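> Got a sequence here, can you model it:
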Amino acid sequence: MFDTITQIFDHEHYLREPLQLYEPIEYTLHLGGKRIRPFLLMTANRMFGGDDSQVRQAAIGIEVFHNFTLLHDDLMDRSPIRRGQPTVYRKWDENTAILSGDTMFALAWSYFLAQPSPRLHQILTCFNQTAIEVCEGQQYDMNFERTAQVTIDDYMMMIRLKTAVLLAGALKIGALYAGAPEADIDHLYQFGIHLGLAFQLQDDLLDSYGDVAQFGKQTGQDIRDNKKTYLVLKALQTAPQPLRDELSALFASTPADADAKVERVWQIYSQLGIRQQVEDAIAAQFAQATLHLDAVQLPPSAKTPLQTLIASLSGRKK
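Sure thing, here's the model as predicted:
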């Protein structure tokens, strides 16, 4: 399946006039990436007897939308690297990242509108609601940077919106194109939610413990940006008062020597055993995803691609 998706994106081109608008789009969409969202959309469609041709445009649309969010996220987060390459606002400029991103959002709609279906209204409603929720999640993420008291429940709600609903929406859309039963669509959606929560918790973990050459991003960036990830929230929840006070002070600071700050936070995480606690939380989300996949009323062989995906993601390094 991933070979099929790679071929789709290798042969899709986005250049047109004015080049200054479309070159960053071409650059972004040919940087690669895991292509998990189009994979989920096409896999869900295949599971219920659909044909790839009836979701090709939608698969491109969901990936174009996802990459639109990355252009804007990188700008808002001041992230210098994406997939091992300079981010669009660094390679071009901030205005280009905004405008090219806006264009990608519109292009995503164009791809969906080009893919006919008897359920098109449901599909577009799902896509639109997903897009709104992703933006809500990003706003909560920014709010949390300025909020002193953020709970783990608050954080899980935020990443559900910012990350998980797009994976779940991709599965739902693929199943809708194939005319799947509503009960199975609901279980697939919940599978996607828990998969997405696990995926984001892994991103949090990799930000501190990933290899930059594999992860494609600068490690410790969340700490530099004072982002309230699952790691720091779990540390604040479990640390004795002196360490809790020190962590709070570190995440309220913007020192000239950011590397020293990152190193000290990592030391505290190690002292508290945070890495293992996050790994346990990730495993719990994968387990919940598996329960919902098991509940889908299809033969086990039809679910193999998603079971294989869970197995591959559970040990991912990037």
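
> what comes up buried for stretch 190-210?
Neighbour counts using 16 or more other C-beta atoms under 10 Å place 190-210 of stretch 190-210 among the buried residues. Heads up, the C-betas are built off the backbone N, CA and C, glycines and all.

> and if you look at stretch 236-253?
Leu236, Ala239, Leu247, Leu250, Phe251.

> show me what contacts the last one?
For Phe251, the contacting residues are Ile223, Asn226, Lys228, Val232, Val265, by C-beta atoms under 8 Å, 6 or more residues apart in numbering.

> Spatially, which two of the residues you listed are the most separated?
Of all pairs drawn from the contacts of Phe251, the one with the longest distance (C-beta to C-beta) is Lys228 and Val265, at 12.4 Å.

> got the contact list for the one helix or strand Leu233 maps to?
Counting by DSSP states H and E, the element that carries Leu233 is helix 230-238. Helix 230-238 has contacts (C-beta under 8 Å, 6+ apart) with 150-152, 155, 201, 204-205, 208, 222-223, 243-244, 247-248, 251, 265, 268-269, 272, 274, 277-278, 281.

> related to what we said a few turns ago, need the contacts of Phe251 in CSV with neighbour count, can you?
Formatted as CSV, these follow (neighbours: other C-beta atoms under 10 Å):
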residue, neighbour count
Ile223, 24
Asn226, 16
Lys228, 24
Val232, 26
Val265, 23
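
> mind putting those in TSV, pLDDT, distance to Asp186 and secondary structure included?
As requested, the contacts of Phe251 are arranged in TSV below (pLDDT from 0 to 100; distance: C-beta to C-beta, whole Å; DSSP: H, G, I helix; E, B strand; the rest coil):
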residue	pLDDT	distance to Asp186	secondary structure
Ile223	94	38	helix
Asn226	89	37	coil
Lys228	91	31	coil
Val232	96	34	helix
Val265	97	40	helix
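
> ok, so of the residues you listed, who is nearest His292?
Comparing the contacts of Phe251 against His292 with C-beta to C-beta places Lys228 closest, at 27.9 Å.

> how near is the closest one to Leu236?
Distance from Lys228 to Leu236, counting by C-beta to C-beta, to the nearest Å: 9 Å.
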